[in-house]
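Asks: Any chance you can model this:
(one chain, ligands or ions: 2)
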Amino acid sequence: AIKRRQDYRPPAWLVPNVDLDFALDPGATRVRARLEVTRNGGAGEPLRLDGDGLTPLAVIVDGVAVNDWRLEDDQLVIPLTGASHVIETEVEIAPDQNTQLMGLYSSGGNLCTQCEAEGFRRITYFPDRPDVLATYRVRMTADKARYPVLLANGDPIASGDNDDGTHWAEWHDPFPKPSYLFALVAGDLACNAGTFTTRSGREVQLGIWVRAADLAKTDHALHALKTSMAWDERVYGREYDLDVFNIVAVDDFNFGAMENKGLNIFNSRYILADPDTATDYDYDAIAAVVAHEYFHNWSGNRITCRDWFQLSLKEGFTVFRDQGFSADQGSAAVKRIEDVRGLRASQFPEDAGPLAHPVRPESYLEISNFYTSTIYNKGAELIRMMATILGPARFRTACDLYFDRFDGTAATCEDFVTCMEEGGGVDLSRFRLWYSQAGTPRVSASLEHDGGRATLRLAQQVPPTPGQSAKEPMVLPLRIRLFGAETGQPLGPEQLVLLEEANESIVFDGVAERPVLSINRGFSAPVTIESDRTAADLAFLARHDDDPFARYEAMQQLMLDTLIAGAVEGQADHRAVIDAVADTLDDPALDPAFVAEAVLLPSESFIGDQLSTVDPEAIYRAREALRGDLGRALAERWRNIYEANTSGAAYAYTPAGKGARRIRNVALGYIAASGASDAAALAFRQFEQADNMTDRQGALSTLVNGDSDLREAALDIFYNRYSGNGLVLDKWFQTQALSTRDDTLEAVAALAEHPSFTLANPNRARSLIGAFAVNQRAFNRADGAGYRFLADQLIALDRLNPQTAAKLLPPLGRWRRFDPARGALMRAELERIVATPGLSKDLFEQASKSLQG
Ligand code: ARG
Ligand code: ZN
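Replies: Numbering: from 1, shown residues only. Ligands and ions are numbered 1, 2, ... in the order given. Below you'll find the model as predicted:
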């Protein structure tokens, strides 16, 4: 049944306290629950407890076994007469059989849980909604040899051994929490232990729990945790609140990680790192995800969501917080560029397609499908815009007000915006449209100059999205600055323009020389800008703009215009791009990490997103042509950069080390694109000599696009060297799935039969199937074989793991963006998926919506 935001009703019963007793066993775990329930209005309402795949073995009310309960769909309905009761239930579940990885499941011989959003109901009967906050006492009993470590939320209370080879432990979490934050872990785990002393002097025991063999790969995560704890105190004034904070890494996990109170559970790819197996990108991502989950302790756990329509309340805000953290660890400019690139790669297409939805959705069939880039990343942009409008000091005051006012409650997005208004002293009534209107606003900007006066004409338009045909103008905070075309100097300070109407003009007086427009600096609003700036203007900004994001953006726009001309007309003049890239490479004042971002061409998908009809072959050819010309025209520079950034020094994860590796691998890519005869040998030498995964994988990604014998050699060496390391094997699969070769689909289909491939592990499924589906040219082969392959895999995966299958569907929903022949082939696969018997509601919702849209 479809759930609607407007149907929200407060719960009829509250559950202040819960006791859970687990007799853990992978084949048959007994769960006994004791719920103290109190009526919350609604006289006569029976108690309704959610369940999913459960059967009650016993129902006891106030100490007496009853049988007047009934099952309605999956709910256990118990008639109750009084105002408060004690309910006891018992169920049996099989973690071993749980391939969905929601609820209690086995991973690598250990037992763990995932409850967000609606997994707790797969463990025990409970009002499984985020506005029912309970304190939990958890007792676990398990075989001691097999599961020597027993962890749950909160603080450990007591533990002991039984005579039958089992042992037990009790944990208590004093903070009332929703059921989605429940967690337990039982396993054979080793701990990297640390401590953190909070600013008020509380000593917190930290633990990163992994397989003993992985212990050496946990220092980076532990360090990131400590850094995050200090950062949240310093920047947001938020202190940790329990005596222990544990993180457990598991190999089988549907997403990145989970913020369970005091017991975060992570996909091992966001914990484990050493130079030999993790790239710089992995190190960055680990720190960001550790920070994200830690920050949820306040933005998510202390203040949670009233209902799942409010999901962005915790996710958008927490992404904004983790972005701020990462920006503070290294180059803020490069971090912003990466975040915007990610937003454009996943959220903009979502907003422009059949699955578009507002940051606060109005309805859903399956909540798991709404853990989207719109909720997370566009949601973070909404917080960023409010922070920009308020300015840092008032934003901090407003956040303090929010944390103070709503601590211990389940809140709404509206509550957050109200605090921004009250704490910031601003009126955000019109701004609220950002929560309800889907679609990426388009802003057109044209600048006129006439006798000392410049007039900037801005117009905005929000495109229609499914269910929302007419849109109102939105509040867009645009950071703007003008530069003099002759002097290269700024003409006055930066301004923050709040564009609120469909059309507005802004006048700048005293503008003597021809002005060049720098707009949406720092990407202050998540919009697309169409301007009348010429190639010369963009090249000028790429050299002179003092805002690093705007400088990067001008270069991207120049490249994009050139690539679009190339794709549409079959050829383009590459000189302006070549000159701008040359100047960027030659500018000694620039940070190499920034240069590496600035000289990379926009992706094939992003080029396609700018066109009314995507022609993947034409886009690929235009992009390769420009890459080749850049490689040849600047050949000497690429060689020099490559050599200059090749040092004998051992790997160090430092900003300087990262920057050098990044620019060096970009240079290697251009050397290969130039067609240089020694390119494969150069890549292979790097592959063999590298003392770190960043350089090894960089070399492999270059080799894998070519047809040299060294390609096969490198793939074999890589596979044999890392055949025991699942996370690195994921890279082996992914790199091949992203290859630009003509035979990539055949190669991927063969890899799907490889003994190391399995759909049962979400990381592995994503590394091959997910990566292939974003390989624009290979996936969109004109014969439709790419679409058929994806649909086959999704149908198979859906039987095991509906959530992960549904997450991989969106590339098939982009049929309106392609020519009618491809569109028809995509629709046929979507129809085949929808018609599959026994399909999950997860995959059904995504596929059926993709057909409509
Ligand atoms: N709250 C987790 C996080 O952002 C992710 C949970 C995802 N749950 C889901 N059903 N997709 O950190
Ligand atoms: Zn989150």
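
Asks: The residue nearest to Leu242 when sequence neighbours are not counted and Arg711: what is the separation?
Replies: Excluding the flanking residues, the one nearest Leu242 by C-beta to C-beta, 6 or more residues apart in numbering is Gly262, at 4.8 Å. C-betas here are computed from N, CA, C, even on glycine. Noted for Gly262: a distance of 48 Å to Arg711, by C-beta to C-beta, to the nearest Å.

Asks: now do Gln100
Replies: Gln100 is 38 Å from Arg711, by C-beta to C-beta.

Asks: between Gly262 and Arg711, which one's more packed in?
Replies: Gly262 (26 against 21; other C-beta atoms under 10 Å).

Asks: Please give me every residue in contact with the more buried one.
Replies: Applying C-beta atoms under 8 Å, 6 or more residues apart in numbering, we find Gly262 in contact with Asn153, Gly154, Asp155, Asp173, Leu242, Val244, Phe245, Asn246.

Asks: does the last one sit in a helix, a strand or a coil?
Replies: Per DSSP: H, G, I helix; E, B strand; the rest coil, the local secondary structure of Asn246 is strand.

Asks: Which residue comes closest to it once chain neighbours are left out?
Replies: Computed as C-beta to C-beta, 6+ apart, the closest residue to Asn246 that is not its neighbour in sequence is Gly207, at 4.6 Å.

Asks: Quick check: can you name the pairing partners of the helix or strand that neighbour falls within and their directions?
Replies: Per DSSP states H and E, Gly207 falls inside strand 203-210. Here strand 203-210 has these sheet partners by DSSP bridges: strand 190-197 (antiparallel), strand 244-250 (parallel).

Asks: any bit of the next helix or strand along the chain from the shortest one sitting next to ligand 1?
Replies: In this case it means strand 244-250. Next helix or strand after strand 244-250 toward the C-terminus (DSSP H and E): strand 257-258. Yes - under the criterion of C-beta under 6 Å from any ligand atom, ligand 1 is reached by strand 257-258 at Ala257, Met258.

Asks: Listing partners with orientation, what would you give for strand 257-258?
Replies: Partner strands and pairing direction for strand 257-258 (DSSP bridges) are strand 263-267 (antiparallel).

Asks: Any stretches of the stretch 651-800 of the chain with poor pLDDT?
Replies: For the stretch 651-800 of the chain, not a single residue meets the criterion pLDDT under 70.

Asks: Could you give me the buried positions within the helix of greatest length in the chain?
Replies: With secondary structure taken from DSSP state H, the chain has its longest helix at helix 548-569. Judged by neighbour count (16 or more other C-beta atoms under 10 Å), helix 548-569 contains these buried residues: 548-564, 566-567.

Asks: For ChimeraX, what selects the buried ones among the contacts of Gly262?
Replies: This is the ChimeraX syntax for the buried subset of those, where burial follows 16+ other C-beta under 10 Å:
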select :153,154,173,242,244,245,246
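
Asks: The closest residue to ligand 1 within the stretch 151-300 of the chain: neighbour count?
Replies: Nearest to ligand 1, among the residues of the stretch 151-300 of the chain, is Phe255, at 4.6 Å (C-beta to the nearest ligand atom). Phe255 has 17 neighbours, counted by other C-beta under 10 Å.

Asks: same deal with the one 10 residues further on?
Replies: Applying other C-beta under 10 Å, we find 25 residues neighbouring Ile265.

Asks: quick one: it from Asp143, how far?
Replies: 21 Å.
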